[in-house]
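Asker: coordinates only, sequence not included:
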């Protein structure tokens, strides 16, 4: 009796250790791709990165050399266009959900925002194609920026709502008790108090759409040259990486790796900034 | 102590009378309040407008194809733009099979990792691990695809696929020649893409399990694993199911990485070593090549089908997650 | 031992508290008539009628949930921030109906300032910015005027000497008691006629509390003060008139000396002496 109980106890201990081991291996497996992707990005990308990459236009098909300066600038232009659309709508919409509205209406809107966050990004490309490209009969930077901007809206809306709700009610009451109007209280006290969190949400959304390719395929379309007008097709770093990656040329493959390294570095810089911004966030107010 | 009425004004010129303070302040404007409320309301309403806009635009763009092909569009397996033959079945099949493969890989790994992060791992390792998973989530799809083409596929072809063929080559699933880009590779790359979301949502779910549950199990002398299995995992079953469905929603819509490794051939075959095609991939590849109206309409209808499926799956996920989890789970969603 | 009773008797002898038989002076700041307030279906204030004397401290006491905070917030319409509230009756401030359709709640709150239980200086602002933010957001741009109000308000809140060299430091860098006085300075900067205080010392240590109480005593020369407190010693130390509320109703209201030494109502006496149910 005693013996068998002891034995079963040992067996249970072993089983527990085994389960922990399996869970540990799973965790390692989950982050393995991250390590491998980084490793290959650095190995393949760094050797292809040079001054030309940041200063020259793509070389003509078949020729060796050239760079992606137009795609880097194009991506920044697209991010700016997207920001103009996505940031004000997302932030103000998030403020509405946190500060105004009825519980029922807000839960519906919140729900819809979450549903939008799950819409495949390529769908946005199709929608903007029908909305802008077909109508104006041209791929354009505007179309690309709009597609990315629409993706940003529900992302920023939800993060803004969340951080605005974290602002203690005491600050609202203190301002209102000074005879300050509601909207000024919200803008100058509440949003200012939550500004770190709001900016964090915006940066994360920008980092997210900065790597998006699918919505740009048939909106911004890509361009091997400088874009001279926002109503013309424009190059973007992720698009250029895609085009080069599926091309048959070795030199383009090298350039794709270099572009990927630049893109990932940019995205990770933003993530590091966010981490610094949010450090000790739980300790302070927001 | 200075008294309230003390003339503090000497250094500042003439004293300020209370009335003048009131007069110095602007009259509060009700217009400003109303305008700001309406402005923010309009912005919040955008999300509803966008949902309607997507549905309407996709419907509007595909209405001719819907009329022409009707229900057959969904069950016909010929996709031949030259002959104006459009059937979406191979894409639906490819989307479902690749997503299923992805779930088979990502669900056990993701949930085990989540359990490791919340229950089993030493405390010091948890936060760094969470950060790494967040970094994985931040890698753009196109870069994972690039890595998939040049690193993952050659390796898969030479080692795991070769072993699978040797062991299970007699089954239809792993029969036929190994090309490299194929359904299985597509499923694997999708698994990598959805692992972070499944892991982080599952982690939030497990974290929301009350400590009382764990304490009760430990109080009965349970080992760490028994407590995790009985008290935590079974308690959180429904939420974990929500996390899985959410992952499925992402898998169905995953585009760039899968387009780069799945082979892009519209066919329905049993072998996972054969190339496939997904709804999202055909949009990515053929949209700009659509030369005829009906071709474009058919692609819009593909978009509509994809939107319909992902909306339904996401609705289900949201309902499952909403009932149990709080804001923390929705935070992990983003 | 310090009891409210002994405190008020001493104050009466010193002449710093009105005697038990004093009438509520004719100079009223507030006239509250038949005030009732509901939160949803729950009636929080039940038909309260009471006049608040000018340039005096009126304390409202009662067990938690008796409606004293709601009553206080009704005096500057802060209770309206809670959803689904409904009110009935009138509140006059120097004869002006605070609930008139033509008056903006923001104007009411400029005339009737409020100090909260938990000090809440705005965390993103310096000490100086905190004091003048009310004026700024209410449209005052003149920097000279703002500087003038800044110093004057901080002096009135007895904080000037402590912070005059640190005006650019964050408001949250101050100690708890200083933060509360900063909040008082912030409220005084918009020059209200009345200052409402919702348990202003309940989060403070005894020394900081003593300072605030001293400040309240100074302020009443210029302002009418209504304070809610659950601390009867404090009510005895600072107030001239005391109202006892229970279950949303005003049970008894009169000079503090009378309420604490010779209350008319049995419920008041039970509460004062700590025999309350």
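Answerer: Received, thanks. Just so you know, these numbers come straight off a predicted model, no measurement behind them.
Asker: mind listing the strands in the stretch 101-250 of chain C by residue range?
Answerer: For the stretch 101-250 of chain C, the strands defined by DSSP state E, counting those that start in this stretch occupy C:112-115, C:194-198, C:224-228, C:241-246, C:249-255.
Asker: Now do the same contact list for the residue most central in space within chain A.
Answerer: Central residue check for chain A by C-alpha atoms, centre = their mean: the C-alpha nearest the mean position is that of residue A:208, 1.0 Å away. Counting by C-beta atoms under 8 Å, 6 or more residues apart in numbering or on different chains, residue A:208 makes contact with A:151, A:155, B:138. In short, each C-beta sits where N, CA and C put it, glycine included.
Asker: what's around the closest residue to the second one other than its chain neighbours, how many residues?
Answerer: The spatial neighbour of residue A:155 that comes closest, neighbours along the chain excluded (C-beta to C-beta, 6 or more residues apart in numbering or on different chains), is residue A:205 at 4.3 Å. Here the neighbour count serves as a burial measure; for residue A:205 (other C-beta atoms under 10 Å in any protein chain shown) it reads 27.
Asker: which ones are touching residue A:205?
Answerer: So residue A:205 contacts A:86, A:90, A:152, A:155-156, A:159 (C-beta under 8 Å, 6+ apart).
Asker: Can you pick out the most distant pair from those residues?
Answerer: For these, the farthest-apart pair by C-beta to C-beta is A:86 and A:159; their separation is 11.9 Å.
Asker: So for those two, which residue has more residues nearby?
Answerer: When residue A:86 and residue A:159 are compared for neighbours, residue A:86 comes out ahead with 27 against 23, by other C-beta under 10 Å.
Asker: and after the strand or helix carrying that one, which helix or strand comes next?
Answerer: Using DSSP states H and E, residue A:86 sits in helix A:69-99. Note on helix A:69-99: by DSSP H and E, the next helix or strand toward the C-terminus is helix A:103-117.
Asker: What parts of chain C come near chain B?
Answerer: C:104, C:106-107, C:110-111, C:135, C:138-140, C:142, C:144-145, C:147-149, C:151-152, C:155-156, C:158, C:160, C:190-191, C:193, C:214, C:218-219, C:221-223 (C-beta under 8 Å from any C-beta of the partner chain).
Asker: Of those residues, which belong to helices?
Answerer: Within these, residues falling in helices by DSSP state H are C:106-107, C:110-111, C:135, C:144-145, C:147-149, C:151-152, C:155-156, C:160, C:214, C:218-219.
Asker: and the stretch 51-200 of chain A, which residues reach chain C?
Answerer: Checking the stretch 51-200 of chain A against chain C by C-beta under 8 Å from any C-beta, the hits are A:168, A:170-181, A:184-185, A:188-189, A:192-193, A:195.
Asker: which of the residues you listed count as buried?
Answerer: A:170-181, A:184-185, A:188-189, A:192-193 (16 or more other C-beta atoms under 10 Å in any protein chain shown).
Asker: need the contact list for residue A:37.
Answerer: The contact partners of residue A:37, taken as C-beta under 8 Å, 6+ apart, are B:139, B:143-144, B:147.
Asker: returning to that earlier point: also compute the angle for the one helix or strand the residue nearest to residue A:155 maps to relative to helix A:69-99, please.
Answerer: Per DSSP H and E: residue A:205 is located in helix A:195-210. Between helix A:195-210 and helix A:69-99, the angle comes out at 140 degrees (axes from the mean of the first three to the mean of the last three C-alpha atoms, to 10 degrees).
Asker: distance of residue A:98 from chain C?
Answerer: Distance, residue A:98 to chain C, by C-beta to the nearest C-beta, to the nearest Å: 14 Å.
Asker: Just the buried residues of the ones in helices among the residues of chain C next to chain B.
Answerer: Of these, these count as buried by 16+ other C-beta under 10 Å: C:106-107, C:110-111, C:135, C:145, C:148-149, C:151-152, C:155-156, C:160, C:218-219.
Asker: Which parts of chain C are helices?
Answerer: Using DSSP H, helices in chain C cover C:4-14, C:68-74, C:105-111, C:127-137, C:143-156, C:160-163, C:176-189, C:206-219, C:232-238, C:256-261, C:266-272.
Asker: cool, chain A as well?
Answerer: Applying DSSP H to chain A gives helices spanning A:2-40, A:46-48, A:51-55, A:69-99, A:103-117, A:121-128, A:134-136, A:141-165, A:169-176, A:182-184, A:191-193, A:195-210, A:237-245, A:250-277.
Asker: List the contacts of the spatially closest residue to residue B:263 that is not a sequence neighbour.
Answerer: Spatial nearest neighbour of residue B:263, chain neighbours left out: residue B:275 (2.3 Å); criterion: C-beta to C-beta, 6+ apart. Residues near residue B:275 by C-beta under 8 Å, 6+ apart: B:179, B:181-183, B:262-265, B:267.
Asker: wait, which of the contacts of residue A:37 is closest to chain C?
Answerer: Checking these against chain C with C-beta to the nearest C-beta, the nearest one is residue B:139 at 34.7 Å.
Asker: shouldn't that closest one be in contact with residue A:36?
Answerer: No. The pair residue B:139 / residue A:36 is not scored as a contact, 11.0 Å apart, by C-beta atoms under 8 Å.
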